[in-house]
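In: what's the 3D shape of this:
(one chain, ligands or ions: 2)
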Amino acid sequence: MSVRLCNVSKVFEGRTGSGPTLALDNVSCEIEAGEFVCIIGPSGCGKTTLLHTIAGFSFPSQGMALSDEKPITGPGPDRIIMFQEYGLFPWLTVFQNIEFGLRAKKMPAAERADVVRYYIDMVGLTGFENRFPAEISGGMKQRVSIARALAPDPDIVLMDEPFAALDSLTRDILQEEILRIWEKTKKTFVLITHNIDEAIFLGDRVVAMSARPGRIKETLRVDLPRPREPAVRSHNMRFAELREHLSQMLRSEVVRTASR
Ligand SMILES: Nc1ncnc2c1ncn2[C@@H]1O[C@H](COP(=O)(O)OP(=O)(O)OP(=O)(O)O)[C@@H](O)[C@H]1O
Ligand SMILES: [Mg+2]
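Out: Ligands and ions are numbered 1, 2, ... in the order given. So this is what the prediction gives:
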């Protein structure tokens, strides 16, 4: 399923005493079906707002958001969003958390159990089905969150800084797993990150946003072959060039805002 944003602007009306915020300013972009797009940009530049627009939680003040060329009028089972802080239900087990979206789809219990087991296996959590979120590590919580997002078989998976809270080793491992899962499922993935290496390692394209008000500053095609080996992050000249380019650009963005 493809996504198209046409000249999207978003204004949040301030509460009494504070003025309105222009969170997105004339943003246009196209995401192809099956593409992996990473969005990067300084804090507060409107990344989450952009993702929520695709999810159907936030509506453009101006412009249009389309999925498969049809206007996005609200959330739908075709688009799933993974929140930054896992968003797991603490009173449900790993199994029940992953099953949650399938119940909403009214899938029979036996079929649900098969689907849940398939995804538990895919994210490497076999044996942990009956644990509660409080009884597993942050990395495992993120795996549950990935399985829960994929189980209802959405076309588009939207991820808001999914690995931000993890240590760097767990982060590297989960990046490799998310790539493997994307290659296997061929769904459309849109992932927000603050991490340049993560954006380059994962993405077909990296969309870099400017500091508030959020505009698209540059869209960079990541011309590294796939499948990408973990070592590409440290041993590839082209990777280093792309990193340097994005790093310069984001730095100039932060400096520009700081001097305003
Ligand atoms: N519901 C809201 N009401 C009012 N203002 C909002 C709302 N949501 C976001 N904003 C404002 O819009 C701007 C963009 O916010 P957004 O959360 O999209 O940024 P972000 O790029 O995701 O930031 P971060 O990297 O810190 O997560 C910010 O100035 C924020 O304060
Ligand atoms: Mg955000």
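In: Against Val206, how distant is Leu174?
Out: Separation of Leu174 from Val206 (Cβ to Cβ, to the nearest Å): 19 Å. (Each C-beta comes from the backbone N, C-alpha and C, glycine too.)
In: What of Lys141?
Out: 26 Å.
In: cool, Asp197 as well?
Out: Relative to Val206, Asp197 is positioned 11 Å away (Cβ to Cβ).
In: Packing partners of the helix or strand where Trp182 lies?
Out: Element membership for Trp182 (DSSP states H and E) is helix 168-185. Other helices and strands packing on helix 168-185, by 3 or more Cβ pairs under 8 Å, 6 or more residues apart in numbering; DSSP states H and E, are helix 138-150, strand 188-193, helix 196-202.
In: Could you name the stretch from those that's closest to ligand 1?
Out: Closest of the helices and strands packed on helix 168-185 to ligand 1 is strand 188-193, at 6.8 Å (criterion: Cβ to the nearest ligand atom).
In: partners of the closest one in the sheet?
Out: Partners of strand 188-193 in the sheet, by DSSP bridges, are strand 36-40 (parallel), strand 156-160 (parallel).
In: which of those strands sits most buried?
Out: strand 36-40 (a mean of 25; mean count of other Cβ atoms under 10 Å).
In: related to what we said a few turns ago, so for Leu174 and Val206, which sits in the more crowded spot?
Out: Using other Cβ atoms under 10 Å as the criterion, Leu174 and Val206 rank with Val206 on top: 23 against 19.
In: Identify the bridge partners of the more buried one.
Out: Bridge pairing for Val206 - DSSP bridges - gives Cys38, Leu220.
In: For it, which residues are in contact?
Out: Val37, Cys38, Ile39, Ile40, Ala199, Ile200, Thr219, Leu220, Val222, Leu242, Leu246 (Cβ atoms under 8 Å, 6 or more residues apart in numbering).
In: switch to 6 Å and redo it
Out: Listed by Cβ atoms under 6 Å, 6 or more residues apart in numbering, the contact partners of Val206 are Cys38, Ile40, Ala199, Leu220.
In: Next: Ile81.
Out: Contacts of Ile81 (Cβ under 6 Å, 6+ apart): Ala55, Leu158.
In: same thing but at 8 Å, please
Out: Counting by Cβ under 8 Å, 6+ apart, the residues that Ile81 touches are Leu51, His52, Ala55, Phe57, Ala149, Leu158, Met159, Asp160.
In: Figure out the helix or strand that it lives in.
Out: Counting by DSSP H and E, Ile81 is found in strand 79-82.
In: That strand pairs with which strands, parallel or anti?
Out: strand 156-160 (parallel).
In: which intervals of the stretch 101-250 of the chain have sub-threshold pLDDT?
Out: Under the criterion of pLDDT under 70, none of the stretch 101-250 of the chain is flagged as low confidence.
In: Nearest to ligand 1 within it, name that residue for me.
Out: Using Cβ to the nearest ligand atom, the closest approach of the stretch 101-250 of the chain to ligand 1 is made by Arg212 at 5.6 Å.
In: Ligand 1 contacts on the stretch 151-260 of the chain?
Out: Arg212 (Cβ under 6 Å from any ligand atom).
In: per-domain residue ranges of the chain.
Out: The record's domain parsing of the chain by automatic domain parsing lists 1-78+170-260, 79-153.
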